[in-house]
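J.: how would this look folded up:
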Amino acid sequence: MPTETKTKIVAKVPKAKAKPRIKKEEAVAKLRIRVQAYEHKVLDNSVKQIIDTALRYGAIIVGPVPLPTEIKKYTVNRAAFVYKDAREQFEMRVHKRVIDILNPAANVIEALTNLNLPSGVNIDVKML
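T.: As a prediction, this is how the structure comes out:
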């Protein structure tokens, strides 16, 4: 019996070059609110109040994003004269949050400026 050999003919079809998909980011106006406080409960209540106010006017919100707590430690001698090893440490903690508001309308900005927040809460607002 004669042996049959099968040959495969493979034709290379040129692939269509795929264009790289690059999302063109539109120039998005962004309002970045950075909130700081010594007490985290007061900070969380203030952030909730800011978010509720912005959502009431239909703003798009990203956050709140918790940032690392900044800890400042102070070491003080307990005794005035001899007892060098007797010391106390005190610390101050600064809790931080960041909220981004995308494409804020004028009424959102006006509502946020008229917002009454408790004392001890520091707010930095930047337009990006």
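J.: show me what contacts A29?
T.: Counting by CB atoms under 8 Å, 6 or more residues apart in numbering, A29 makes contact with L102, N103, P104, M127, L128. In this view, the C-beta of every residue, glycine as well, is placed from N, C-alpha and C.
J.: repeat for Q49
T.: Per CB under 8 Å, 6+ apart, neighbours of Q49: L115, L117.
J.: what are the phi and psi values for it?
T.: phi -70, psi -40 (degrees, to the nearest 10).
J.: could I have the buried ones of the contacts of A29 as ChimeraX selection syntax?
T.: Per 16 or more other CB atoms under 10 Å, the buried members of those correspond to this ChimeraX selection:
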select :104
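J.: output the contacts of A29 as TSV; include the columns distance to P66, secondary structure and pLDDT.
T.: Shown next, in TSV, are the contacts of A29 (distance: CB to CB, whole Å; DSSP: H, G, I helix; E, B strand; the rest coil; pLDDT from 0 to 100):
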residue	distance to P66	secondary structure	pLDDT
L102	19	strand	91
N103	24	coil	88
P104	22	coil	89
M127	22	strand	88
L128	20	coil	84
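J.: neighbouring strands - and their directions - for whichever strand or helix holds T75?
T.: Assigned by DSSP states H and E, T75 falls within strand 60-77. Sheet pairing here is set by DSSP bridges, and for strand 60-77 it gives strand 87-102 (antiparallel).
J.: buried stuff in the partner strand?
T.: H95, K96, R97, V98, I99, D100, I101.
J.: just give me the closest of the residues you listed to G58.
T.: I101 (10.9 Å; CB to CB).
J.: got the contact list for that closest one?
T.: Residues in contact with I101 (CB under 8 Å, 6+ apart) are K30, L31, I33, A54, A59, I60, I61, V62, V108.
J.: so which of those is the most crowded?
T.: A54 (23 neighbours; other CB atoms under 10 Å).
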